[in-house]
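> how would this look folded up:
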Amino acid sequence: MQAINVTIQQEKLVKTPGTNLHRQLYLVLREQIMRGVYAPGALLPNEDELCNYFGVSRITVRRALSDLSQQGLVERQQGRGTFVSSNLPDPPSFNAVSFLDAIKERGQETQVHVLEVRTAAPPGIVAFQMQLHSGEQAVYAARLRHTDEVPLMVTEAWVPLDLGKTVTLARLKRRPLYQFLIDQGVEFGRVIEEITAVSANPQFAKLLNAEVGAPLLRVTRLVYDQNERPVEHLTIHANPERSRVLLNSPPEMQKSIASRLVHDQQGS
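Down below sits the predicted model:
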């Protein structure tokens, strides 16, 4: 039998508020399968071995394996064990597309449910990044993107009031937000993105069908026009089980820093 990868041997799972142990085990095993540690058709460690490796009960192991089976990642065979499915999802593709093409592609691949559209003063950090005066109002739009009823991500966008004046809930159901900006004469320039992980609060947990406290992927994007004016502040919350981020760095960007890690010096 193929031994469990050495990098996760003897890693005990820790029960924390809002996080189920079987969910933790499911995520660890899923990541190992998707990363190719266990090839299609490979036999996973048996229940006793998984209990010992992770310091969990047999019922926790069975619930994790059941979740993997429901996702089509493993096949449980009576008397033989649990095998990695021979029909795993295709590996990630790395197609290079432009910023605008990426937005269009997202719109074509998903359906949108508009949650809210309103005019209000943005939170302080958003107003600062968008170079708005204190108390200056902007247009806020919140949307849930999904496919086949599976929630993928929640987007929250702020655009300057003069650029978003024609945006309404009804219109946003029919047209993407970037099209409203283009209609106002916006020509997109540079884009700055921050990518990090956060814990799901009750609101995002409900919208994304995740557990409270589960890890979410958060992408904060500040979009400028050709005149270096911020024209959109977008925050995306996505379930990392269903979404990933691909960075396309064109050859002309290699002479400058296309991406970098920024570390918070405070905290442990």
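
> tell me the domain ranges of this structure?
6-84, 99-253 (automatic domain parsing).

> just for the stretch 151-268 of the chain, where's the confidence low?
248-268 (pLDDT under 70).

> would you list every one of the strands in it?
188-199, 215-225, 230-238 (DSSP state E, counting those that start in this stretch).

> Which of those sits closest to residue 169?
Nearest to residue 169 among the strands of the stretch 151-268 of the chain is strand 230-238 (17.6 Å), distances taken as CB to CB. For glycine as for every other residue, the C-beta is placed from the backbone atoms N, C-alpha and C.

> Need the residue closest to the centroid of the chain.
Central residue of the chain (CA atoms, centre = their mean): residue 238, 2.9 Å from the mean position.

> shouldn't that residue be in contact with residue 208?
Yes. Contact status for residue 238 versus residue 208: in contact at 7.5 Å, counting by CB atoms under 8 Å.

> Residues that sit against both of those two, list them.
152, 153, 154, 216 (CB atoms under 8 Å, 6 or more residues apart in numbering).

> Inside helices: which ones of those residues?
Nothing among the shared contacts of residue 238 and residue 208 maps onto helices, per DSSP state H.

> Format those residues as JSON lines; extra columns: neighbour count and distance to residue 44.
Listed next are those as JSON lines, based on neighbours: other CB atoms under 10 Å; distance: CB to CB, whole Å:
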{"residue": "152", "neighbour count": "19", "distance to residue 44": "28"}
{"residue": "153", "neighbour count": "23", "distance to residue 44": "30"}
{"residue": "154", "neighbour count": "22", "distance to residue 44": "33"}
{"residue": "216", "neighbour count": "24", "distance to residue 44": "27"}
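
> For those residues, could you give me CSV that also reports distance to residue 42?
Output for those, formatted as CSV (distance: CB to CB, whole Å):
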residue, distance to residue 42
152, 29
153, 32
154, 36
216, 30
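
> Go through these and say which is closest to residue 247.
Nearest to residue 247 among the shared contacts of residue 238 and residue 208, with distances taken as CB to CB, is residue 153, at 17.2 Å.

> which residue sits closest to that closest one in space, ignoring its chain neighbours?
Closest residue to residue 153 apart from its sequence neighbours, by CB to CB, 6 or more residues apart in numbering: residue 238 at 3.9 Å.

> From residue 217, how far out is that neighbour?
Remark: distance between residue 238 and residue 217 (CB to CB, to the nearest Å) = 5 Å.

> still on that earlier bit, quick one: residues contacting the residue nearest to residue 153.
152, 153, 154, 208, 216, 217, 218, 219.

> Using CSV, lay out those together with distance to residue 197.
As requested, the contacts of residue 238 are arranged in CSV below (distance: CB to CB, whole Å):
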residue, distance to residue 197
152, 17
153, 14
154, 15
208, 14
216, 7
217, 6
218, 7
219, 11
